[in-house]
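Engineer: Structure, please.
(one chain, ligands or ions: 1)
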Amino acid sequence: MTNNPTIDGVSLLPCPFCGRAPRYVPADYVDNHGQPWPFAECNPCNVGAPVEFWQKRTGFDYSAHAQETTIARLEGRITQLESEKEFAAATYQAARDRIAELESGRGEPVGYGTFKNGRYGSWLFRTEPSAKVHLKTANNGYPMKAEIHALYTAPPAPVAVVLPERKSDSGREWDSHYVAEVEGWNACLDATAALNGPAK
Ligand SMILES: [Zn+2]
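Structural biologist: Numbering: from 1, shown residues only. I've put the predicted structure just below:
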């Protein structure tokens, strides 16, 4: 890509001697009226000319040059879009991974551990990069090959409260105090049983 100005829609033409892009020198020279006189210069060839002369070439295919300029610009754009596409794909994948992690109910990893020969290392690392850094010198100052696993706390096991027996007022229906006690007792059991969720 060039940041050269365009002169009548054509970017600065290449050096006629070596074919390199010239250097645009907008203000080092002045014309007879003291106004800045833009030059094009090729340092390796030690040549230069005012831009309006630099751009005049007998037999030069201006449209081909303009096409080449456009092609170079589009190729640069394609490269940029391809890297943006890669970035978007990586971002998308990271989001998918995160969703899968959340949907699995594991929540956030509590840390990262190294895993080798069926065993975890004894250290818990806060981040995956810090675990990688550790592995670089984990073998007596030399790199160690090990997997790095995200570690999660185990989800709490559901615990059902075991309830005492319900009471019955059978045979003591005449005892209003006892009937009230039984009703209250059983109502408490029902409310507690509801906290346990549906019976399995
Ligand atoms: Zn040159």
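Engineer: Every contact and neighbour count from this point should use C-alpha atoms.
Structural biologist: Noted.
Engineer: how about the residue nearest to the spatial centre of the chain, secondary structure?
Structural biologist: Residue closest to the mean C-alpha point of the chain, counted by Cα atoms, centre = their mean, is Thr91 at 4.5 Å. Taking DSSP: H, G, I helix; E, B strand; the rest coil as the rule, one finds Thr91 in the helix state.
Engineer: gap between it and Glu181?
Structural biologist: Distance of Thr91 to Glu181, given as Cα to Cα, to the nearest Å: 63 Å.
Engineer: Quick check, Thr114 in contact with Thr127.
Structural biologist: No. Because the distance of 11.5 Å does not satisfy Cα atoms under 8 Å, Thr114 is recorded as not touching Thr127.
Engineer: When the two are compared, which one has more neighbours?
Structural biologist: The neighbour count for Thr114 versus Thr127, taken as other Cα atoms under 10 Å, is higher for Thr114 (24 against 14).
Engineer: now the strands for the protein?
Structural biologist: Assignment of strands within the chain using DSSP state E yields the ranges 6-7, 10-11, 23-25, 39-42, 47-50, 111-116, 119-120, 147-151.
Engineer: Out of those, which is the most enclosed?
Structural biologist: Ranked by mean neighbour count, these are led by strand 39-42 with a mean of 22 (mean count of other Cα atoms under 10 Å).
Engineer: No further queries at this time; thank you.
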